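Chemist: Predicted model and sequence below, questions to follow.
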Amino acid sequence: DHEGKLLPLSCSIDCFKVFGSGVYSYMEWQRFMFVTFSLAFAVVLPSMVSNVSGSNLENASWLTKGSLGDVKAAAFNASYGAVELIVLSIFVISLFRG
């Protein structure tokens with residue numbers, strides 16, 4: 001802070017104003033990106049869980065287990081396209097708002 005003491009981990013974003021507008025803007029950007037990617041992750045998580053439950057890939061590693069190639073054929077429907085469209089919309093909106 002302005003007295004040279006360390007800031008607590010629970011301080012608000014406004015605590016960073018003492019370091020100048022550049023640091024404050026960077027911290028605002030970090031918070032904005034955290035919210036954006038958390039929202040996108042929350043939208044994609046059900047699809048990832050569905051993909052992991054598939055058994056179409058032989059000798060799948062943990063990296064390929066959550067891919068679309070492992071989804072059950074009966075579970076593959078328009079919801080995957082809708083999820084991709086929602087995630088794209090989240091990123092485009094955040095691009096123009098950020």
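Modeler: Looks like it arrived, so ask away. Bear in mind that the values here come from a model prediction, so they are computed numbers and not experimental data.
Chemist: contact partners of stretch 26-42?
Modeler: The contact list for stretch 26-42 (CB atoms under 8 Å, 6 or more residues apart in numbering) reads 13, 16, 87, 90-91, 94, 98. (Each C-beta comes from the backbone N, C-alpha and C, glycine too.)
Chemist: Of the residues you listed, grab the buried ones for ChimeraX.
Modeler: In ChimeraX, this line selects whichever of those come out buried by 16 or more other CB atoms under 10 Å:
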select :16,87,90,94
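Chemist: farthest-separated two in the contacts of stretch 26-42?
Modeler: The most widely separated members of the contacts of stretch 26-42, counting by CB to CB, are 16 and 87 (29.6 Å).
Chemist: Out of the contacts of stretch 26-42, flag the one nearest to residue 44.
Modeler: Nearest to residue 44 among the contacts of stretch 26-42, counting by CB to CB, is residue 87 at 6.1 Å.
Chemist: okay, that closest one: pLDDT?
Modeler: Here the pLDDT value assigned to residue 87 is 93.
Chemist: Okay, and it sits in which element?
Modeler: Secondary structure assignment for residue 87, by DSSP states H and E: helix 78-97.
Chemist: For that helix, enumerate the helices and strands it packs against.
Modeler: The contact analysis (3 or more CB pairs under 8 Å, 6 or more residues apart in numbering; DSSP states H and E) places helix 78-97 against helix 21-52.
Chemist: Show the end-to-end separation of stretch 3-11, please.
Modeler: This stretch, stretch 3-11, spans 15 Å end to end (CA to CA, to the nearest Å).
Chemist: Tell me which residue lies nearest the centroid of this structure.
Modeler: Centroid-nearest residue in the chain, with CA atoms, centre = their mean: residue 37, separated by 2.3 Å.
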